[in-house]
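> Have a look at this fold, sequence not included:
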């Protein structure tokens, strides 16, 4: 339960620290005195949404801290949650803190450890239940009524599973409908793709093949010129009748080597000539090797010409460069596979039926649980209404079967009969403002009893209530 609430620089609050005792606490004051500000501050400490507007003007940050004593009835569950998140305290105290700076940035702490706002909110929902001053108005909305019943019966997880199963089922249904609608277009596209992929399959081009074969074609088509040029270079370097360059360099190196003994200043010259001789010798070896492996091959040249022409002709059909043919083949093959899967109507229909059955199984289970919860909630709220000067009145949670939807197989509607002998009618059509407030209070009391939340907060719970009914509200 809440024991201390410390607020600094929040909206109009400079600093305040409230110590609360166990039991029933009331804050009273005129309109605008700031009662709801305290609740807003606590809501932030429990993980509510925040912005820079909550920081008191002129202050750098708002700081709210709420200290709780863990209720023995919930201590085990709370400690288990805290242990799972490595946030467990050494004693039975629980400290929640929220800091918001004037730029709107927020920090959250649980037991002094930095945490996420989501963790703060999840923990806050376990220990505090806040009923705002306009909460009873939400009872008029169908979504709120459904949520309240599921929360009362602790069916939130089941309802979420039904909604997820419905979305998955409907996604496949839309895919099947789209497939049926586009069946003719898909068939034509598949036929076109099958022809294109078949054409590329027959060509069987490999990645990088165009560059390789282009290089080979250039080499083969210029083989005569290459051989002639290499032979001429070899002749000039080492085979010329009139003194090849390499022989002249060797002779020059020997002659200068003898002169170095006479004048050492020629040594740098001989040292420069030696690597030149070595490089020329390496060039001669390389030319001999090249000429030994290069020959005229008109048959291979014809093969390469034919292959290049086939690749170029196919690329022209697809309006792409020849080197892009492998990527085009992969893309078209992938698209063909997608269409084959999408066009498999039998598979889609089978999957749709499976998902529908799964949804219906979950939804029917949820319907049964809701039916039991509706009876118990209706009886409990009807009993509470007797204490709130609505003697003879009754409250009914009506479940009307509907077409499958994300919320399940039934529409949930709250019906009320204000007096004995009258027919229960929709809440929005029957209840006055005061009656609606009292019914909301009765539901809140029943719901809080079911969830055993240790701290309940009502903001203007007496809204629309006057006279002797106020005493009954006080007792509740």
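Sure, I can see it. Being a predicted model, the structure only gives us computed values, none of them experimental. Numbering: from 1, shown residues only.
> Could you measure from residue 359 over to residue 405?
10 Å (C-beta to C-beta, to the nearest Å). Any C-beta I mention is one placed from the backbone N, CA and C, and that applies to glycine too.
> which neighbours do these two share?
Counting by C-beta atoms under 8 Å, 6 or more residues apart in numbering, the contacts common to residue 359 and residue 405 are residue 166.
> More neighbours: which of the two?
Taking other C-beta atoms under 10 Å, residue 359 and residue 405 do not tie; residue 359 has more neighbours (24 against 14).
> tally of neighbours for the residue nearest to the more buried one when sequence neighbours are not counted?
In this structure, residue 359 finds its nearest non-sequential neighbour in residue 165, 4.1 Å apart by C-beta to C-beta, 6 or more residues apart in numbering. Look at residue 165: counted by other C-beta under 10 Å, it has 21 neighbours.
> for residue 103, same thing?
11.
> Next: the one 3 residues further on.
Around residue 106 there are 20 other residues, counting by other C-beta under 10 Å.
> How about the secondary structure of the residue nearest to residue 359?
What DSSP: H, G, I helix; E, B strand; the rest coil gives for residue 165 is helix.
> Contacts only, for it.
Applying C-beta under 8 Å, 6+ apart, the residues near residue 165 are 355, 358-359, 362-363.
> shaky segments in the stretch 251-400 of the chain?
Low-confidence segments of the stretch 251-400 of the chain (pLDDT under 70): 293-297, 341-344.
> Tell me how far the nearest residue to residue 274 once chain neighbours are set aside lies from residue 298.
Nearest in space to residue 274, with sequence neighbours left out and distances taken as C-beta to C-beta, 6+ apart, is residue 253 at 6.5 Å. The gap separating residue 253 from residue 298 is 44 Å, by C-beta to C-beta.
> Please say which of the two ends up with more neighbours.
Using other C-beta under 10 Å as the criterion, residue 253 and residue 298 rank with residue 253 on top: 15 against 9.
> The more buried one: helix or strand, and which one exactly?
Using DSSP states H and E, the element containing residue 253 is helix 245-260.
> Which strands or helices does that helix pack on?
helix 267-293 (3 or more C-beta pairs under 8 Å, 6 or more residues apart in numbering; DSSP states H and E).
> Can you mark which positions in the helix it packs on are buried?
Using 16 or more other C-beta atoms under 10 Å as the burial criterion, the residues of helix 267-293 that qualify are 270, 273, 280, 283-284, 287.
> and the angle for it with helix 245-260?
Orientation check (axes from the mean of the first three to the mean of the last three C-alpha atoms, to 10 degrees): helix 267-293 against helix 245-260 gives 160 degrees.
> now helix 267-293, how far from the centre of its chain.
66 Å (C-alpha atoms, centre = their mean, to the nearest Å).
> how close does the closest residue to residue 317 other than its chain neighbours sit to residue 10?
The spatially closest residue to residue 317, leaving aside those adjacent along the chain, is residue 199, at 7.5 Å (C-beta to C-beta, 6+ apart). From residue 199 across to residue 10, the span is 73 Å (C-beta to C-beta).
> Neighbour count: the two, which is higher?
residue 10 (24 against 14).
> who touches stretch 333-346?
Residues from elsewhere that reach stretch 333-346, judged by C-beta under 8 Å, 6+ apart: 175-176, 179-180, 183, 186-187, 189-190, 193-194, 197, 347.
> what distance separates that stretch from the centre of its chain?
Distance, centroid of stretch 333-346 to centroid of chain: 27 Å (C-alpha atoms, centre = their mean).
> can you check stretch 260-270 too?
Stretch 260-270 has its C-alpha centroid displaced from the chain centroid by 80 Å (C-alpha atoms, centre = their mean).
> Ends of it, what's the gap?
For stretch 260-270, the first and last residues are 8 Å from each other (C-alpha to C-alpha, to the nearest Å).
> related to what we said a few turns ago, quick one: which of the contacts of residue 165 sit in strands?
Members of the contacts of residue 165 lying in strands (criterion: DSSP state E): none.
> Return the member of the residues you listed nearest to residue 111.
The nearest member of the contacts of residue 165 to residue 111, counting by C-beta to C-beta, is residue 362 at 37.6 Å.
> correct me, but that closest one touches residue 158?
Yes. Applying C-beta atoms under 8 Å as the test, residue 362 and residue 158 come out as touching, 7.2 Å apart.
> Could I get the full set of strands for this structure?
2-10, 13-19, 61-69, 93-101, 106-110, 113-115, 128-131, 394-405, 408-417, 425-426, 455-458.
> wait, which of those strands is closest to residue 475?
strand 455-458 (13.7 Å).
> strands paired with the closest one, and their directions?
For strand 455-458, the pairing partners within the sheet under DSSP bridges are strand 128-131 (parallel).
> how many neighbours does residue 54 have?
Neighbour count of residue 54, defined by other C-beta under 10 Å: 23.
> Can you tell me the closest non-neighbouring residue to it?
residue 62 (5.3 Å).
> per-residue confidence at the one you found?
If you check residue 62, the pLDDT there is 93.
> What of residue 15?
Looking at residue 15, its pLDDT is 92.
> Would you agree it is in contact with residue 41?
No. Counting by C-beta under 8 Å, residue 15 stays clear of residue 41, with 11.7 Å between them.
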